[in-house]
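**Q** Next come a sequence and a model predicted from it.
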Amino acid sequence: MDYYTAAKKFILKNSRPLDMARWNYLFEDGSKEDVIKVLKTYQNDDGGFANALEPDCWNINSTPLQTWVATQIIKEINLDDKNHPIIKGILDYLSSKDEFDGHRWHGLNTVVTNDNYPHAPWWSYKQKQELTYNPTASLIGFILKYAEKDTAIYRSACELSKEAYNYFKKNFPLESMHESACFVELYHYMKECSIFNLLDMEEFKKLLQKQIKQVITYDTKIWSTDYICKPSLFINSKSSDFYLENKEICDFEYQFILKTQNEDGSWGVTWEWNDYPEEWAISKNWWKSDIIIKNIKYIREFKL
């Protein structure tokens, strides 16, 4: 059985409806509308997202993190309609300033209500967190792409982008791979929208190139067992501004993916949370489907 057939078999047997719809859209000529229809079921009345859209957090209340996950899927399916209700809802949620401290959404990377529902320990509010731009930097980019330029939230995002960039330069290099990825996403949003008047985009690109090299795990012996940083977190095509300088490790990841697929078509999940064993067993399966989709996308983009 080839890698694709094995992966598809796992998806058909184990995935939740959202990941089934994503798989069909990306690889089986499925419709964008089917993905949107299922994604919408995770959206609350306030426009934010919840309900274990991010499988490590089962909070039923809207959070910036789970809303960010929705923006990733919107990007994946190339939903560009600024007037689409699901987009309008997200902008309404972000405009409401829930979980916004004036500078960041999710400034501590978690919210109080997470502790009322099954969750991974890193999403616990009780666990002391440091201020971070995960996912704020990416959400700023989303606003710059989708909000109308004459709105308060667009003007706010322009100022927030400058704040975020100043933070990035002041704290360079960042330690967190996920915070780094959010700045890469901000860069891509701004480049896509041809927004070159807010930041020095050439400087931003050069710093990101160094940042990516700083956080990638080059000890590939531990890739199968540890929670590490692979280039795919930042680079998803050969046309990426960051591919050529990272070509060798990107090509290695392509080979690594092909070599490490399990017999059931999945790939290993290298993290866990033990406080809610029954829920984690479910979430782990959800993650396997998400990893499958990301890996098949990567294989197709980087096929040698």
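**A** Okay, I see it. Everything numeric in this text was worked out from a predicted model, so none of it was measured. Residues are numbered from 1 along each chain as shown.

**Q** any idea how far the most far-flung residue of the chain relative to its centre is from residue 265?
**A** Relative to the average C-alpha location in the chain, and by CA atoms, centre = their mean, no residue lies farther out than residue 1, which sits at 30.2 Å. Using CB to CB, to the nearest Å, we find residue 1 at a distance of 8 Å from residue 265. From N, CA and C alone the C-beta is placed, and that goes for glycine too.

**Q** what touches both of these two?
**A** residue 9 (CB atoms under 8 Å, 6 or more residues apart in numbering).

**Q** mind listing what the residue lying closest to residue 121 once chain neighbours are set aside touches?
**A** In space, and not counting its chain neighbours, residue 121 is closest to residue 273: 5.7 Å by CB to CB, 6 or more residues apart in numbering. By CB under 8 Å, 6+ apart, the contact set of residue 273 is 56, 119-121, 280.

**Q** Quick check: closest non-adjacent residue to the residue farthest from the centre of the chain.
**A** Leaving aside its sequence neighbours, residue 1 is closest to residue 9 (7.6 Å, by CB to CB, 6+ apart).

**Q** Next, the contact list for the one you found, please.
**A** 1, 264-265.

**Q** Residue 123 now?
**A** By CB under 8 Å, 6+ apart, the residues touching residue 123 are 56-57, 65, 110, 114.

**Q** can you do 6 Å?
**A** Counting by CB atoms under 6 Å, 6 or more residues apart in numbering, residue 123 makes contact with 57, 110, 114.

**Q** Confidence-wise, which of the residues you listed comes last?
**A** In terms of pLDDT, the weakest of the contacts of residue 123 is residue 110, which scores 87.

**Q** any idea whether that residue is helix, strand or coil?
**A** Of the three states, residue 110 takes coil according to DSSP: H, G, I helix; E, B strand; the rest coil.

**Q** Which elements pack onto the helix ranked longest in the chain?
**A** Selection of the longest helix in the chain by residue count, based on DSSP state H, yields helix 277-302. Packing contacts for helix 277-302, counted by 3 or more CB pairs under 6 Å, 6 or more residues apart in numbering; DSSP states H and E, involve helix 3-14, helix 247-259.

**Q** hmm, back to that, out of the contacts of residue 9, show me where the pLDDT dips lowest.
**A** Across the set of those, residue 1 stands lowest in pLDDT, at 84.

**Q** how close does it sit to residue 33?
**A** Using CB to CB, one gets 31 Å for the distance from residue 1 to residue 33.

**Q** Report the contact partners of residue 91.
**A** Neighbouring residues of residue 91 by CB under 6 Å, 6+ apart: residue 147.

**Q** right, I mislabeled it, should have said residue 56
**A** Per CB under 6 Å, 6+ apart, neighbours of residue 56: residue 120.

**Q** Next one: it from residue 279, what distance?
**A** Spatial separation of residue 56 from residue 279 under the definition CB to CB is 10 Å.

**Q** same question, residue 262
**A** Plainly put, residue 262 is 22 Å away from residue 279 if you go by CB to CB.

**Q** Residue 42 now?
**A** Spatial separation of residue 42 from residue 279 under the definition CB to CB is 16 Å.

**Q** Residue 130 now?
**A** For residue 130, the distance to residue 279 under the criterion CB to CB works out to 27 Å.
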